[in-house]
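Peer 1: Structure here, sequence nowhere to be found:
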């Protein structure tokens, strides 16, 4: 939870993913819900971790339209662990095949939102997590 008591969400997309309409919509809805939002593009998992540490976020939302999550997610999760940020909730969105969901959850992903997902479910998840940490 940020210093002002609002959930702080880092929304990132991999630099090679040119599609960002969904992530921009989520950023807007998060702001409307009263969350602090940091929106960025990144090229390496270490950059996601660095941003999460610098911004002291509660949630990381990563968007993928390629299978880059297979290589990037384990490195992000390890980086969070090394930086004592295991409490940060990680969610994924984008084009992710259903058959990868179990593996992603085993990596520590809290939830996965594919194309057409209800943004309200993400908003409610963040609110519920923030409420637990008050």
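Peer 2: Nice, I can see it. None of the values given here were measured: they were computed from a predicted structure.
Peer 1: Just the strands from the chain, written as ranges.
Peer 2: Assigned by DSSP state E, the strands in the chain fall at 8-14, 36-42, 59-64, 89-94, 111-114.
Peer 1: and these as TSV, adding mean neighbour count, distance to residue 26 and mean pLDDT?
Peer 2: Heads up, the C-betas are built off the backbone N, CA and C, glycines and all. Converted to TSV, the strands of the chain look like this (neighbours: other Cβ atoms under 10 Å; distance: least, Cβ to Cβ, whole Å; pLDDT from 0 to 100):
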stretch	mean neighbour count	distance to residue 26	mean pLDDT
strand 8-14	24	6	92
strand 36-42	17	9	91
strand 59-64	24	7	93
strand 89-94	21	7	94
strand 111-114	17	8	92
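Peer 1: and residue 120, how many neighbours does it have?
Peer 2: Applying other Cβ atoms under 10 Å, we find 10 residues neighbouring residue 120.
Peer 1: try residue 110
Peer 2: Residue 110 - counted by other Cβ under 10 Å - has 16 other residues nearby.
Peer 1: Next up, the contacts around the residue nearest to it when sequence neighbours are not counted.
Peer 2: Leaving out its chain neighbours, the residue that sits closest to residue 110 by Cβ to Cβ, 6 or more residues apart in numbering is residue 89, at 4.9 Å. Residues in contact with residue 89, defined by Cβ atoms under 8 Å, 6 or more residues apart in numbering, are 58, 59, 60, 110, 125, 126, 129.
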